[in-house]
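*Asks:* no sequence for this one, just the structure:
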């Protein structure tokens, strides 16, 4: 007895076509344009940006000019003290009164406006033109920061270049280059630079400060995140996406600022750059780019 059904030639051909369609279906689906291919990677468009060239300096805050206050004759004694260290005074303001040998009193006045840095005045103590200054005034309350800079950066500095100075205890203040020393210290190979400090805040003499001096500006090249740059034996590279695949580009990098880096050569404006490059992505790998603006 025959337990297998008998098919006509037409039925056999229809069955074969159905089988071929079933086997070929996954290949047709993979060729569909909407079918996912490769890993999803976050990308961004390379765009032009401006970068400041920065020279970093560390140093101490000092008084730009100190004025010593003494009486103009000997044989006097302090009888009254009207101002103390830390006071802000005006030119001509009476700071103390002194007794005269012949009787009466004389006023000690501030020759300049400013901040009293120190005072040695004591009631009953002698005061004279040749003795210790009764008061020391920071003229016009003006401060400088004297800092040291690496020898290779000294040539980049020039008078009036702007700076941002972070002073311990006072936060960030503005400043600019006032003077650049013409010599390098032979042992440390450091040069000296003096920055004027512009602020209404009360500063403390000998406070530590760290400054960033802007020595130039570049706006001609594109910017990418620091995470987009890889450093390795093959050099410095950035990964871009072209036609759905990874391409590795050797680049020349420049200035850095706020997590971004300047690309001087190798990547053009508008290129699709992998935001976080990595060794897991290789040349030619298929990927699905996801715009970083989508937050994915």
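*Replies:* Cool, the structure landed. Model, not experiment: these values are computed from the prediction.

*Asks:* please name the nearest non-neighbouring residue to residue 139.
*Replies:* Closest residue to residue 139 apart from its sequence neighbours, by C-beta to C-beta, 6 or more residues apart in numbering: residue 65 at 4.2 Å. Backbone N, C-alpha and C define where each C-beta goes, glycine included.

*Asks:* per-residue pLDDT of that neighbour, please?
*Replies:* Looking at residue 65, its pLDDT is 96.

*Asks:* just checking, it touches residue 138?
*Replies:* Yes - between residue 65 and residue 138 there is a contact at 7.3 Å, judged by C-beta atoms under 8 Å.

*Asks:* which of those two has more residues huddled nearby?
*Replies:* Using other C-beta atoms under 10 Å as the criterion, residue 65 and residue 138 rank with residue 138 on top: 23 against 13.

*Asks:* who's in contact with the closest residue to residue 154 other than its chain neighbours?
*Replies:* Nearest non-adjacent residue to residue 154, counting by C-beta to C-beta, 6+ apart: residue 191, 3.9 Å away. Counting by C-beta atoms under 8 Å, 6 or more residues apart in numbering, residue 191 touches 148, 149, 150, 151, 153, 154, 180, 181, 183, 184, 185.

*Asks:* in which helix or strand would I find the fifth one?
*Replies:* Meaning residue 153. In the assignment (DSSP states H and E), residue 153 maps to helix 151-154.

*Asks:* who touches the helix or strand just after that helix?
*Replies:* With elements assigned by DSSP H and E, the helix or strand that comes after helix 151-154 is strand 162-167. With C-beta under 8 Å, 6+ apart as the test, strand 162-167 has contacts from 57, 61, 145, 172-177, 195, 197, 203, 207-214.

*Asks:* so which bits of strand 162-167 are buried?
*Replies:* Under the neighbour-count criterion of 16 or more other C-beta atoms under 10 Å, strand 162-167 has 163, 165, 167 buried.

*Asks:* now the strands for the stretch 51-200 of the chain?
*Replies:* Applying DSSP state E, counting those that start in this stretch to the stretch 51-200 of the chain gives strands spanning 51-63, 66-69, 76-81, 88-89, 94-99, 105-109, 114-119, 126-127, 135-139, 143-150, 162-167, 171-185, 190-198.

*Asks:* tell me which helix or strand comes right after the last one.
*Replies:* Beyond strand 190-198 on the C-terminal side, the first helix or strand identified by DSSP H and E is strand 208-218.

*Asks:* now that following strand and strand 162-167, what's the angle there?
*Replies:* 160 degrees (axes from the mean of the first three to the mean of the last three C-alpha atoms, to 10 degrees).

*Asks:* and the gap between the residue nearest to residue 154 and residue 245?
*Replies:* 50 Å (C-beta to C-beta, to the nearest Å).

*Asks:* what about residue 115, how many residues nearby?
*Replies:* Around residue 115 there are 21 residues (other C-beta under 10 Å).

*Asks:* isn't it right next to residue 90, touching?
*Replies:* No - counting by C-beta under 8 Å, residue 115 does not reach residue 90; the two are 11.4 Å apart.

*Asks:* show me what the residue nearest to residue 154 is bridged to.
*Replies:* residue 149, residue 184 (DSSP bridges).

*Asks:* just the pLDDT at it, thanks.
*Replies:* 94.

*Asks:* please apply the same query to residue 120.
*Replies:* Looking at residue 120, the pLDDT reads 95.

*Asks:* residues touching it, list them.
*Replies:* Contacts of residue 120 (C-beta under 8 Å, 6+ apart): 132, 133, 134, 135.
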